[in-house]
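Q: quick one, structure for this:
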Amino acid sequence: MTRDYTPLPRWKGGHWMTLYAWGNPRHFPTLPRATPRFFDVAPGTRVLAHCHWQERPWEHPTIILLHGLESSSDAHYVRGISDKGFAAGFNTVRLNQRNCGGTEALSDSLYHSGLTHDPLTVMRELIDVDGLTSFAVVGYSLGGNLTLKLAGDFGANPPKELCAVCAVSPTMDLADCVDALERPSNRIYQRHFVRNLKKRMRRKIRAFPEKFSGKALPGIRTIREFDDAYTAPFHGFDGASDYYHRASAMRVIDKITVPALIISAADDPFVPPTPFQDPAVLQNPHVTVALTRHGGHCGFVEARSGMYDGYWAEREIVEFLVRHCRR
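A: Next comes the predicted model:
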């Protein structure tokens with residue numbers, strides 16, 4: 001069970017909490033320097049992770065961390081989970097999705113919201129090469145959808161090494177989230193994501209001019225238009241709508257059989273609360289849902305207390321994993 005969340009009064013509203021969490025600088029002086037590591041996840045495709053290893057890594061459980069849309073392994077919430085997880089005795093692997101974290105030249109492909117192949121390949125390498133035996137996967141926003149879809153795809157036969165998964169503000173019904181982003185009240189987020197998608201695509205074109213074209217970029221104003229022009233056709237989907245349907249964790253949420261924690265807020269500007277109240281979620285005995293009244297998108301900041309920095313979702317996740325992951 002999670003503890004009650006009490007938002008900072010000044011930043012209580014969904015938009016305010018979202019923007020506060022995005023813009024508030026954070027520092028982690030006790031988190032050791034990360035070790036960069038590259039993983040070859042497909043022909044012509046390499047991803048970069050930043051890893052924090054305990055002194056004897058094989059004796060500790062490992063958290064694989066997945067960031068959100070157009071973010072990176074350096075996102076404050078990824079580093080926040082790493083800091084709390086490492087202090088609790090976990091190894092942490094902050095994984096960049098394809099092309100993220102300045103890695104456009106390492107991959108001749110694109111990422112998408114349901115591409116579970118990459119974190120699964122990373123986990124398998126850490127099992128086979130490093131001898132690690134206990135894993136949790138934690139994702140925020142788009143990374144939360146990936147996390148839940150990964151667990152759901154396993155169904156009744158998850159690998160014995162996977163002990164738990166956690167998702168914060170997961171976009172597990174992609175169509176609903178894209179619809180919400182297109183509301184006038186969410187223009188600031190839509191513009192932010194689209195601007196970054198287009199910038200990254202231009203860098204991708206410079207790295208692989210023979211494979212990608214920028215002809216469609218000037219006319220793109222929404223995430224849906226970007227996915228119709230680039231994401232969906234590259235990965236073989238029949239347009240954005242087909243992509244959103246097939247890549248959404250909602251299609252497999254009822255099949256999850258490992259302990260799963262979902263944290264989201266009813267006032268999230270662009271992740272509607274409806275999916276978290278669906279019978280497929282609530283009737284799955286392996287899934288714990290903490291749907292708070294406030295918290296915004298990937299926010300959940302409350303008052304500090306002693307050594308606790310006030311990032312409620314991060315604390316709840318690490319305590320959930322401590323209960324479910326063996327050393």
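Q: can I get the CA coordinates of stretch 161-177 in CSV?
A: The C-alpha coordinates for stretch 161-177 follow below in CSV (Å, rounded to 0.1, in the frame of the first residue of the first chain):
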residue,chain,number,x,y,z
GLU,A,161,14.5,-12.7,-13.0
LEU,A,162,11.8,-10.0,-13.3
CYS,A,163,10.6,-9.3,-9.8
ALA,A,164,8.4,-6.2,-10.2
VAL,A,165,7.5,-3.2,-12.5
CYS,A,166,6.4,0.3,-11.7
ALA,A,167,4.9,3.1,-13.9
VAL,A,168,4.4,6.7,-13.1
SER,A,169,1.9,8.8,-15.2
PRO,A,170,2.0,6.0,-17.9
THR,A,171,0.5,6.8,-21.3
MET,A,172,-1.0,3.3,-21.4
ASP,A,173,-3.9,4.3,-23.7
LEU,A,174,-1.9,6.3,-26.3
ALA,A,175,-4.9,7.4,-28.3
ASP,A,176,-6.5,9.0,-25.2
CYS,A,177,-3.3,10.8,-24.3
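Q: any idea how far it is from the middle of the chain?
A: The gap between where stretch 161-177 is centred and where its chain is centred comes out at 7 Å by C-alpha atoms, centre = their mean, to the nearest Å.
Q: with Trp312 as the reference, measure out to Thr6.
A: Plainly put, Thr6 is 8 Å away from Trp312 if you go by C-beta to C-beta, to the nearest Å. All C-beta atoms are positioned from the backbone trio N, CA, C, and that covers glycine.
Q: who touches both of those two?
A: Glu302 (C-beta atoms under 8 Å, 6 or more residues apart in numbering).
Q: show me which residues of the helix or strand that contains Met17 are buried.
A: Counting by DSSP states H and E, the element that carries Met17 is helix 14-23. For helix 14-23, a neighbour-count test (16 or more other C-beta atoms under 10 Å) marks 14-22 as buried.
Q: now do the following helix or strand past that helix: distance to the chain's middle.
A: Remark: after helix 14-23, the chain's next helix or strand is strand 35-42, criterion DSSP H and E. How far strand 35-42 lies from its chain's middle: 18 Å, per C-alpha atoms, centre = their mean.
Q: can you name the next helix or strand after strand 35-42?
A: strand 45-52.
Q: and the angle for that following strand with strand 35-42?
A: 150 degrees (axes from the mean of the first three to the mean of the last three C-alpha atoms, to 10 degrees).
Q: my read: Phe320 touches Ala167, true?
A: No: applying C-beta atoms under 8 Å as the test, Phe320 and Ala167 come out as separate, 11.2 Å apart.
Q: between these two, which one's more packed in?
A: Remark: of Phe320 and Ala167, Ala167 carries more neighbours, 29 against 23, as counted by other C-beta atoms under 10 Å.
Q: about what we covered before: more neighbours: which of Thr6 and Trp312?
A: Using other C-beta under 10 Å, the more surrounded residue of Thr6 and Trp312 is Trp312, with 24 against 13.
Q: hmm, who's touching the helix holding Met17?
A: Residues outside helix 14-23 that contact it (C-beta under 8 Å, 6+ apart) are 7-8, 10-11, 76-77, 185, 189, 265, 267-269, 294-301.
Q: please apply the same query to stretch 314-327.
A: With contact meaning C-beta under 8 Å, 6+ apart, stretch 314-327 is reached by 2-3, 59-61, 63, 77, 80-81, 84-85, 88-90, 134-136, 138, 163-164, 166, 168, 259, 261, 263, 288, 290, 308.
Q: pass me the low-pLDDT residue ranges in this structure, would you?
A: By pLDDT under 70, the weakly predicted segments of the chain are 1, 327.
Q: now do the strands in it.
A: Ranges of strands in the chain, per DSSP state E, are 35-42, 45-52, 62-66, 91-95, 135-140, 162-168, 260-265, 287-292.
Q: tell me which of these sits nearest to Ile223.
A: Ile223 lies closest, by C-beta to C-beta, to one member of the strands of the chain: strand 135-140, at 17.1 Å.
Q: give me the angle between the closest one and strand 91-95.
A: On the basis of the same axes, to 10 degrees, strand 135-140 is oriented at 40 degrees to strand 91-95.
Q: so how far is strand 135-140 from its chain's centroid?
A: 8 Å.
Q: so what does it touch, helix or strand wise?
A: For strand 135-140, the packing partners by 3 or more C-beta pairs under 8 Å, 6 or more residues apart in numbering; DSSP states H and E come out as strand 62-66, helix 76-87, helix 117-128, helix 142-154, strand 162-168, helix 312-324.
Q: let me have those in a markdown table, extended by distance to His235.
A: Formatted as a markdown table, the helices and strands packed on strand 135-140 follow (distance: least, C-beta to C-beta, whole Å):
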| stretch | distance to His235 |
| --- | --- |
| strand 62-66 | 18 |
| helix 76-87 | 24 |
| helix 117-128 | 11 |
| helix 142-154 | 14 |
| strand 162-168 | 22 |
| helix 312-324 | 29 |
